[in-house]
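Participant: need the 3D shape of this:
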Amino acid sequence: MGSITAQILVLSKRTSTWILMGIWVVLGLMFSHLLPYLTYRGAAEGPGQASLDALLPAGLADNLLAGFPFFGGVFALMLGVLAIGSDYGWDTLKTLLTQRSGRVRLLSAKLVALAAWLVPFVLVLFIAGAGASYIIAGAEDAAVDWPSVSELGRALAAGWFILATWAALGVLLAVLSRGTALAIGLGIIYTFVIEGLFSALANEVSWLDPIVEYFLRANAYSLTAALGVPTQALADNGPGGFFGPFVDGGQAVAVLAAYMAAFLFLSAMVFRRRDIG
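Facilitator: This is a model prediction of the structure:
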């Protein structure tokens, strides 16, 4: 327990952790509330007329959850990289390993701390989103009806699960590259070029659908759709727009869980067997 607490404190003291959280919240609010509201009021051009209902407190869960598979995934991946890769860059792993009982225990403590830190990443955005939706409701003299506790709970859990899967990929890339810069670069290339390009081509090339259906991004979006997020909202989600293919919620959960388990298992195997230096 002491090792986990120590690793949580290490993450909390890193400026990069707070910067990532701040940028994530700002971008999340920009694409979930600010830009859609400006298009609704006619102050900005967008792909279509924004719906006021989606910006009100009643639509809070669906509106925010739509941004987790892409925007949230990128930031969670970078947080996963920094949680592990920074110790390679600062050459502190050797020191840490001399003070702990073993590599697996150290890595496990870091992973638990990372999982714990993803909780505020989810909560802070939902709290900020609640404030933004309340302000919009007041400005438009609309009813303030909040989602049910169960709906919010499902959205929070799904958001954390999606972020945790992407963070696990970041951990694997950090362990494989033994650093941060290359790992973040590879993660962004994978996210934008491989998954983004193949997902876009799947709309034109039908034989790509069975491949894209097992991508991280496709299953994360499918999970949000299974929880009630309109597919049109996912398609209009700015740079993170997704048009399909979608799979059922059960497959989405299974595929994401399999990815997470595989990423963490491979990370542990490599971390345990390979030289630190």
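
Participant: for the closest residue in space to residue 154 that isn't next to it in sequence, give me the backbone phi and psi.
Facilitator: Counting by C-beta to C-beta, 6 or more residues apart in numbering, residue 227 is the residue found nearest to residue 154 once chain neighbours are left out, at 5.7 Å. Where C-beta positions appear, they are placed from N, C-alpha and C, glycine not excepted. Phi and psi for residue 227, reported as degrees, to the nearest 10, are phi -90, psi 0.

Participant: going forward, count from 35.
Facilitator: From this message on, residue numbering opens at 35, which makes the last subject residue 261.

Participant: now do residue 261, the pLDDT please.
Facilitator: Looking at residue 261, its pLDDT stands at 90.

Participant: I'd like to know how far it sits from residue 50.
Facilitator: Relative to residue 50, residue 261 is positioned 31 Å away (C-beta to C-beta, to the nearest Å).

Participant: between these two, point out the one with more neighbours.
Facilitator: Taking neighbours as other C-beta atoms under 10 Å, residue 261 and residue 50 compare with residue 261 leading, 18 against 15.

Participant: how far away is that one from residue 201?
Facilitator: Taking C-beta to C-beta, one finds residue 261 at 20 Å from residue 201.

Participant: where in the stretch 35-184 of the chain is pLDDT low?
Facilitator: The stretch 35-184 of the chain contains residues with pLDDT under 70 at 35-36, 44, 77-84, 123-135.

Participant: ok, 50 please
Facilitator: Low-confidence segments of the stretch 35-184 of the chain (pLDDT under 50): 80-82.

Participant: element containing residue 304, please.
Facilitator: helix 283-307 (DSSP states H and E).

Participant: can you give me the helices in the stretch 35-184 of the chain?
Facilitator: For the stretch 35-184 of the chain, the helices defined by DSSP state H, counting those that start in this stretch cover 36-47, 49-63, 69-75, 86-89, 94-99, 107-123, 127-133, 137-173, 183-211.

Participant: pick the most buried one from those.
Facilitator: helix 94-99 (a mean of 26; mean count of other C-beta atoms under 10 Å).

Participant: which residues are contacting that one?
Facilitator: 62, 66-67, 88-89, 159-160, 163-164, 167, 180-181, 185-186, 188-189, 192-193, 258, 261-264, 267 (C-beta atoms under 8 Å, 6 or more residues apart in numbering).

Participant: and of the helices of the stretch 35-184 of the chain, who's closest to residue 227?
Facilitator: Taking C-beta to C-beta, helix 107-123 is the member of those nearest to residue 227, at 12.9 Å.

Participant: in TSV: the helices of the stretch 35-184 of the chain, plus distance to residue 248.
Facilitator: Formatted as TSV, the helices of the stretch 35-184 of the chain follow (distance: least, C-beta to C-beta, whole Å):
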stretch	distance to residue 248
helix 36-47	31
helix 49-63	26
helix 69-75	31
helix 86-89	29
helix 94-99	21
helix 107-123	16
helix 127-133	33
helix 137-173	23
helix 183-211	13
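
Participant: ok, which of those helices comes nearest residue 235?
Facilitator: Per C-beta to C-beta, nearest to residue 235 of the helices of the stretch 35-184 of the chain: helix 107-123, 19.7 Å.
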